[in-house]
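J.: Next input, structure requested:
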Amino acid sequence: MSDQLLIIAGLSAGTEDKPILHNIDLTVGAGETHVLMGPNGAGKSTLGHVIMGDPIYQVTDGTITFDGQDVTDLGADKRSLAGIFLSYQAPVEVPGVPLYSFLRTICQMRPELKTTARKFRERVGKIADQLDIDQNFLTRELNVGFSGGEKKKIEMLQLLLLRPKLAILDETDSGLDVDALSIVSRGIEAYRKECDGALLMITHNTRILERLTVDRTHVMVHGNLVADGPASLIDDIDAHGFARFEDALAEKAEA
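T.: Have a look, this model is predicted:
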């Protein structure tokens, strides 16, 4: 058994006027790949954002421990520096900020990633080539005018550049065509092989999981983690959907 990297214990969270997550317990070991599935509106993305420290959400109970440190009350910037990475379902555009400058700045904030300008340029160029990203994109404003697939590939570039201990990928496959999905899958596979980091994959599309060895699968319904199991649970969900999990939760609530 690998060391416990992420420990979520009794976590409840939501917005100011709406509870969303209820008493979540989840553990991810260093180097493991976990998959989080569930119907739309189940709270999967919310969990990813709460782990990352998104200030939109408030933790009302429970704790989040990462790499031996209680990060429940830390801001997203400190969690990022600690080694947590969140790939957004819909990456935002940041006008006025060149992509290359953005990448250089965030790497300079990480002592283990600091390097000379020449070596940094070579490293970014190598990763861009690996992901079939035109290096002219590096001089453009961050995500401005990029297609959905281009934005997702840029996030894969950030993932391979930052080498986080834990990557939370929130619907990274959403809206991608076949070619873009293949490249993003290649980026995820490279992260697992080159960085040996842990993955928490939030997804509906099991195709993106084909090249990965999944350690655990979790199912969320109405903000509750209702099941977890081995990789074979993914095939079961593909065949039968989430109805039985929703029914079981409803029966539990009535009992």
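J.: Point me to the helix or strand that includes residue 179.
T.: Using DSSP states H and E, residue 179 sits within helix 178-195.
J.: and stretch 219-230, which residues are buried?
T.: 219-228 (16 or more other Cβ atoms under 10 Å). All C-beta atoms are positioned from the backbone trio N, CA, C, and that covers glycine.
J.: which residues sit against it?
T.: Outside stretch 219-230, the residues that touch it by Cβ atoms under 8 Å, 6 or more residues apart in numbering are 19-26, 36-39, 42-44, 46-47, 214-218, 233, 237, 242, 245-246, 248-249.
J.: Likewise for stretch 29-37?
T.: Contact with stretch 29-37 is made by 1-5, 26, 28, 44, 47-48, 165, 192, 196-204, 209, 212-220, 231, 234, 237, 242, as judged by Cβ under 8 Å, 6+ apart.
J.: Just the terminal-to-terminal distance for that stretch.
T.: Taking Cα to Cα, to the nearest Å, stretch 29-37 runs 18 Å from one end to the other.
J.: Mean confidence (pLDDT) on that stretch, please.
T.: For stretch 29-37, mean pLDDT is 96.
J.: what distance separates that stretch from the centre of its chain?
T.: Relative to its chain's centre, stretch 29-37 lies at 10 Å (Cα atoms, centre = their mean, to the nearest Å).
J.: thinking again about what came up before, not counting its own residues, what contacts the helix holding residue 179?
T.: 33, 130-132, 148-149, 152-153, 156-157, 159-160, 163-164, 167, 169, 172-173, 176, 197, 199, 205, 207-208, 210-212.
J.: Check those for burial and list the buried ones.
T.: The neighbour count (16+ other Cβ under 10 Å) marks 33, 130-131, 149, 152-153, 156-157, 159-160, 163-164, 167, 169, 172-173, 176, 197, 199, 208, 212 as buried among the contacts of helix 178-195.
J.: Now do the strands in the stretch 1-150 of the chain.
T.: For the stretch 1-150 of the chain, the strands defined by DSSP state E, counting those that start in this stretch cover 4-15, 18-29, 33-37, 58-66, 69-70, 84-87, 94-98, 141-142.
J.: List just the one of these that sits closest to residue 114.
T.: Closest of those to residue 114 is strand 84-87, at 18.0 Å (criterion: Cβ to Cβ).
J.: Using CSV, write down the CA coordinates of that closest one.
T.: What follows is strand 84-87, C-alpha atoms only, in CSV (Å, rounded to 0.1, in the frame of the first residue of the first chain):
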residue,chain,number,x,y,z
ILE,A,84,-2.0,20.2,-5.9
PHE,A,85,-3.1,20.9,-9.5
LEU,A,86,-6.7,21.4,-10.8
SER,A,87,-7.5,21.2,-14.4
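J.: Tell me the buried residues in it?
T.: Judged by neighbour count (16+ other Cβ under 10 Å), strand 84-87 contains these buried residues: 84-87.
J.: now it, how far from the centre of its chain.
T.: On Cα atoms, centre = their mean, the centre of strand 84-87 falls 5 Å from the chain's centre.
J.: same deal with stretch 108-120?
T.: With Cα atoms, centre = their mean as the basis, stretch 108-120 stands 24 Å off its chain's centre.
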